[in-house]
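predicted coordinates and the sequence they were generated for:
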Amino acid sequence: MGIVQEFKEFAVKGNAVDLAVGVIVGAAFSKIVDSIVGDLVMPLIGRVIGKLDFSNLYFVLGENPQNLATLAELRRAGIPVFAYGNFLTILVNFILLAFIIFMMVKQLNRLRKAEPAPEAPAAPEDIVLLREIRDALKK
């Protein structure tokens with residue numbers, strides 16, 4: 001069997017196609033969650049704790065002779081910064097995305113029909129006969 005034939009069999013298997021669809025949908029869904037976190041959740045959290053813009057939370061680690069005020073200006077100037085606000089935004093994004101995916105998987109598992117337990121195979125005739133003899137002796 002040639003490599004082309006093996007690749008064709010792999011590519012058309014259900015698992016490979018399901019994975020491709022999952023990656024595409026996940027990428028699109030990730031953009032939605034990014035927007036929810038960046039545009040809705042983080043501004044609310046920032047409002048509650050008094051900081052309106054999490055992306056501008058940082059510590060300057062180097063010299064700042066020009067007294068630059070924003071993270072973008074500091075990065076353009078090549079001044080090292082510890083940008084923990086951006087990390088917090090990405091962390092909230094991850095937690096929200098993980099929770100949403102968890103809830104989706106939980107609902108999908110709930111909607112799937114439970115497969116009935118397989119029936120036990122019938123015992124061979126000699127075993128059935130031995131069980132009957134055992135039960136008769138107990139009496």
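In hand now; what should we look at?

hey, let's count contacts and neighbours off CA atoms from now on
Noted.

where does this protein dip in pLDDT?
Scanning the chain for pLDDT under 70 picks out 1, 11, 13-15, 51-53, 114-115.

mind checking how far Pro124 is from Arg47?
Separation of Pro124 from Arg47 (Cα to Cα, to the nearest Å) stands at 73 Å.

which of these two has more neighbours?
Arg47 (12 against 8; other Cα atoms under 10 Å).

ends of stretch 105-123, what's the gap?
39 Å.

and the contacts of it?
Stretch 105-123 is contacted by no other residue when judged by Cα atoms under 8 Å, 6 or more residues apart in numbering.

next one: it to chain centre, how far?
For stretch 105-123, the gap between its own C-alpha mean and the chain's C-alpha mean amounts to 25 Å (Cα atoms, centre = their mean, to the nearest Å).

also stretch 7-24?
Distance, centroid of stretch 7-24 to centroid of chain: 19 Å (Cα atoms, centre = their mean).

what do you get for stretch 92-105?
With Cα atoms, centre = their mean, you get 6 Å for stretch 92-105.

mind listing what's buried in it?
Using 16 or more other Cα atoms under 10 Å as the test for burial, stretch 92-105 gives 92-94, 96-97.

how about the residues you listed in TSV, adding secondary structure and distance to Val25?
Putting these into TSV (DSSP: H, G, I helix; E, B strand; the rest coil; distance: Cα to Cα, whole Å) gives the following:
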residue	secondary structure	distance to Val25
Val92	helix	20
Asn93	helix	17
Phe94	helix	16
Leu96	helix	17
Leu97	helix	13
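
find the residue at the geometric middle of this structure.
The residue lying closest to the centre of the chain (Cα atoms, centre = their mean) is Ala98, at 4.5 Å.
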